[in-house]
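Asker: Predicted coordinates and the sequence they were generated for:
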Amino acid sequence: MYNSILNTPVEFIKGIGPNRADVLKKDLGLFTYQDILSHYPFRYIDRTKYFKINEINFDSQYIQIIGRVISKKVVGEKRTKRIVAVFKDDTGLMELVWFQSLKWVEDNITVGVAYVAFGKPSLFNGTFSISHPEMELYHNKIAGRGNLTLQPVYNSTEKLKKFTLDSKGLQRIIAGLLDQVIPQVEENLPHYILSKYQLCDKKTALLNIHFPKNQQDLNAAERRLKFEELFFIQLQLLHNKQLRQLKFKGVKFDKVGEKVNRFYKEFLPFELTNAQKRVVKEIRIDTQRGVQMNRLVQGDVGSGKTAVALMSMLLANDNGYQACMMAPTEILARQHYASITELVTDDLVKVAILTGSTKKKDRTILHEQLESGEIDVLIGTHALIEDKVQFKNLGLVVIDEQHRFGVEQRARLWRKNTIPPHILVMTATPIPRTLAMTLYGDLDVSVIDELPAGRKPIETRHLFEGQRLRMFGFMKQEIAKGRQVYIVYPLIKESEKLDLLHLEAGVEQLSYQFPRPDYQISIVHGQMPNADKQFEMQQFIDGKSQIMVATTVIEVGVNVPNASVMVIENAERFGLSQLHQLRGRVGRGSDHSFCILMSGNKLSKEGKVRLETMVRTNNGFEISEIDLQLRGPGDITGTQQSGVLDLKLADLAKDQIILSEARNTVIELFETDPQLEKQEHSSLKAHLQKLERGISFDKIS
Ligand SMILES: Nc1ncnc2c1ncn2[C@@H]1O[C@H](COP(=O)(O)OP(=O)(O)OP(=O)(O)O)[C@@H](O)[C@H]1O
């Protein structure tokens, strides 16, 4: 991306010495000039604002005060030896204290002279004081010689180590480095892009992100560098997509045959929604082109993704190919298997399931049937990607919640056929648009933005502990109508024991409120043996129990259309998308359904927003955006492991517009100059070539 000077190792910085170079490398992860220059400040102190001494309080951060030193004396001995100066303005007195550099203070700080003192005040013996303030002659400041306006503050190393680098130390290093290298920094974005989006040039941006003269310059620098950051991510993603399309032919699904047609006419128990039809059509077009499909299907809970996946798999079968569907957990795989085998029969398509708990004997038979092509559709977990699992001719892979699968695992799937199979990725709940563009930017996206007709919106209420009896009363009413109820408890690893206690206490209270034989309660939690779990779930699915008490989303990942009430205990402890996913377990039939969020009285501000959002809307797309605003991308399930999100400056919650601009720019770029042959794109081309040399294709695919 840059010229070689920026790749110079940090030990070559003037005056840095081996110890400080070590701190930079080991503690801050900064190895080259480039790393240091993109170690951006995390905030700025406004050095244009002045405080009065009587305005100082316990919350005061770094501030500056104009005053006069009215006395100065050395106090204490040995290690406590220090110079204390009394500093005065027209509102009061405070102290300035130095434990080090005493000689410098003796020589340079003069009683009777006016200074600007800068630092963080603390209260000591009833007086506010600043230790080691930065001092500047008031006269100089006014004359404009000390022209700091917004002072950068950097993440720095801990104070305890022998060799440390504080923010000021870094500030000095960066200032020196900028002086040295700025003339040699090359622009890395084409000029027409800079002028189209009115972005400042690279040199100005680097200078102003570290040492802005005013807020306006800082904003411009930030905008330019955020754009650049997002632009290069998009460049790489869309380049990968382009490469893949050039490099890999896709198997061709030319025809819609008997299986799809029969399924549509004889088996499908409902009319597809327009959104489902549109997505099936998009998949059909994609798989006809002879290019490998890589498509993400985003749909809200209950929007009918299974039917879309199944039709795509039948399309593969119609063209002589097998298909497989991979789920992140055994329970989800079983659920998919159950819902698919409910929709089709063996004479239309042979469906099998393979998970970690498939017995060895069954496994051997399965392997043979897969290799002979007897099995059309295989559903399973990670067990599917084992090398022993060989297909006769795999044409389509559907990945449910792909972000839980590593890139390497995806690549292993690819190798199961000479021509890589088409890939359809499905998310369990929608993910925010900016996140989708960044995480899945190399995929095409389909959206199922419509729920099947006749669905009544789920009514959501938030109740406090004191309203529990009301909740029980409501449950009784619904059960009397023949409906079933879920009650979900949080189960968070750190407090697993306590959570289980809560669950047990809850069950005890429930058994008292809902006694046998009138009521049956099923209980499912993660620490039960698998067979017990299956049994309890089956009881609920068969309608033999009216209440299902469970711990996590996955454990209730069942489709029981007769369940119409979802009670979520300690709802404030769940994330928004998890709450939404849980709520999606009801409202799957035509009954009016309810979600009751139970919480304690004390709610954090964020917890309150989450619950209010749930009450206000059923729209998963809207909820995912709010989730992103609240938690940031790093905390959204599954994104943690993605290096793509190590953004230095851009914020996917706030910088939607810049991201769209960057993405559109790259799309246009590849449309007008697919091979990046134009002179103005030569540095971009070089950048991509450098990346390609460093990363094998399997890793980025
Ligand atoms: N077009 C449709 N008309 C009526 N019912 C439908 C339609 N499509 C799907 N369904 C039904 O809606 C329910 C939800 O479908 P499905 O399980 O595929 O949802 P999903 O998108 O996978 O959601 P989730 O992630 O919540 O499981 C199922 O009972 C399914 O039979």
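Answerer: Nice, I can see it.
Asker: For residue 629, which non-adjacent residue is closest in space?
Answerer: Of all residues not flanking residue 629 in the chain, residue 653 sits nearest, at 5.0 Å (Cβ to Cβ, 6 or more residues apart in numbering). In short, each C-beta sits where N, CA and C put it, glycine included.
Asker: which SS class is the one you found?
Answerer: coil (DSSP: H, G, I helix; E, B strand; the rest coil).
Asker: Can you tell me how far the residue of the chain positioned farthest from its centre is from residue 439?
Answerer: Here the chain reaches farthest from its C-alpha mean at residue 112, the gap being 56.4 Å by Cα atoms, centre = their mean. Applying Cβ to Cβ, to the nearest Å, the value for residue 112 to residue 439 is 63 Å.
Asker: go on, residue 419?
Answerer: 26 Å.
Asker: For the two, indicate the residue with more neighbours.
Answerer: Using other Cβ atoms under 10 Å, the more surrounded residue of residue 419 and residue 439 is residue 439, with 24 against 17.
Asker: Tell me the pLDDT of the more buried one.
Answerer: We have a pLDDT of 79 for residue 439.
Asker: who touches residue 30 in this structure?
Answerer: Applying Cβ atoms under 8 Å, 6 or more residues apart in numbering to residue 30 gives the contacts 10, 24, 36, 39.
Asker: can you pick the most crowded of those residues?
Answerer: Highest count within the contacts of residue 30 by other Cβ under 10 Å belongs to residue 24, 25 neighbours.
Asker: nearest to the ligand, of the contacts of residue 30?
Answerer: residue 39 (41.9 Å; Cβ to the nearest ligand atom).
Asker: ok, that closest one touching residue 155?
Answerer: Yes: using Cβ atoms under 8 Å, residue 39 makes contact with residue 155 at a distance of 7.5 Å.
Asker: Overlap in contacts, those two.
Answerer: The contact lists of residue 39 and residue 155 share residue 28, where a contact means Cβ under 8 Å, 6+ apart.
Asker: pLDDT check: weakest of the contacts of residue 30?
Answerer: Out of the contacts of residue 30, that is residue 24, at 83.
Asker: thought that one was touching residue 36?
Answerer: Yes: applying Cβ under 8 Å, one finds residue 24 in contact with residue 36, separated by 7.2 Å.
Asker: list residues touching both of those two?
Answerer: Common neighbours of residue 24 and residue 36 (Cβ under 8 Å, 6+ apart) are 10, 30.
Asker: to the chain's geometric centre, what's the distance from stretch 467-485?
Answerer: 37 Å (Cα atoms, centre = their mean, to the nearest Å).
Asker: Next up, phi/psi of residue 528, please.
Answerer: Dihedral pair for residue 528: phi -80, psi 150, per degrees, to the nearest 10.
Asker: count of neighbours near the closest residue to it other than its chain neighbours?
Answerer: With Cβ to Cβ, 6+ apart as the criterion, residue 528 has its nearest non-adjacent residue at 7.7 Å, and that residue is residue 536. Residues lying near residue 536 (other Cβ under 10 Å) number 21.
Asker: Over to residue 165?
Answerer: Using other Cβ under 10 Å: residue 165 sits among 21 other residues.
Asker: Which strand or helix spans residue 232?
Answerer: Taking DSSP states H and E as the definition, residue 232 sits inside helix 215-247.
Asker: got the contact list for the longest strand along the chain?
Answerer: The longest strand of the chain (DSSP state E) is strand 63-75. The contact list for strand 63-75 (Cβ under 8 Å, 6+ apart) reads 47, 49-53, 56, 81-89, 93-94, 96, 102, 105, 109-121, 138.
Asker: ditto for stretch 38-52
Answerer: 28, 30, 60-66, 89-92, 116, 118, 148-155, 170, 174, 209-210, 212, 218, 225, 648-649.
Asker: These in strands, which ones?
Answerer: 63-66, 89, 92, 116, 118, 150-153.
Asker: Quick one: buried ones out of the residues you listed?
Answerer: 63-66, 89, 116, 118, 150-153 (16 or more other Cβ atoms under 10 Å).
Asker: Any chance of CSV for those, columns pLDDT and distance to residue 447?
Answerer: Formatted as CSV, those follow (pLDDT from 0 to 100; distance: Cβ to Cβ, whole Å):
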residue, pLDDT, distance to residue 447
63, 87, 50
64, 88, 52
65, 93, 56
66, 93, 59
89, 93, 61
116, 90, 57
118, 89, 53
150, 85, 42
151, 83, 46
152, 87, 42
153, 85, 42
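Asker: quick one on the thing from earlier: and the helix holding residue 232, what other elements does it pack with?
Answerer: Secondary-structure packing of helix 215-247 (3 or more Cβ pairs under 8 Å, 6 or more residues apart in numbering; DSSP states H and E): helix 202-210, helix 433-439, helix 656-672, helix 682-694, helix 697-700.
Asker: Which one, of the ones you listed, ends up nearest to the ligand?
Answerer: Nearest of these to the ligand, taken as Cβ to the nearest ligand atom: helix 433-439 at 16.4 Å.
Asker: which ones are touching residue 32?
Answerer: Residue 32 makes contacts with 6-10, as judged by Cβ under 8 Å, 6+ apart.
Asker: typed the wrong thing, it's residue 612
Answerer: Per Cβ under 8 Å, 6+ apart, neighbours of residue 612: residue 462.
Asker: again, only using 10 Å
Answerer: Residues near residue 612 by Cβ atoms under 10 Å, 6 or more residues apart in numbering: 462, 603, 626.
Asker: Mind putting the residues you listed into a markdown table with pLDDT?
Answerer: Compiled in a markdown table, these are given as follows (pLDDT from 0 to 100):
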| residue | pLDDT |
| --- | --- |
| 462 | 96 |
| 603 | 89 |
| 626 | 91 |
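Asker: and those residues, which of them are in helices?
Answerer: residue 626 (DSSP state H).
Asker: Deepest-packed of the helices and strands packed on helix 215-247, please.
Answerer: helix 433-439 (a mean of 22; mean count of other Cβ atoms under 10 Å).
Asker: what angle separates whatever helix or strand comes next after that one from helix 215-247?
Answerer: Next in sequence after helix 433-439, counting helices and strands by DSSP H and E, comes strand 444-448. Orientation note: strand 444-448 sits at an angle of 100 degrees relative to helix 215-247 (axes from the mean of the first three to the mean of the last three Cα atoms, to 10 degrees).
Asker: Can you spell out which helices and strands pack onto strand 444-448?
Answerer: helix 274-288, strand 294-299, helix 305-318, strand 422-427, helix 433-439 (3 or more Cβ pairs under 10 Å, 6 or more residues apart in numbering; DSSP states H and E).
Asker: For it, which strands pair with it and how are they oriented?
Answerer: Neighbouring strands of strand 444-448 in its sheet, by DSSP bridges, are strand 294-299 (parallel).
Asker: How about the partner strand and the ligand, touching?
Answerer: Yes: for strand 294-299 and the ligand, the contact criterion (Cβ under 6 Å from any ligand atom) is met by residue 299.
Asker: Perfect, I'm done here.
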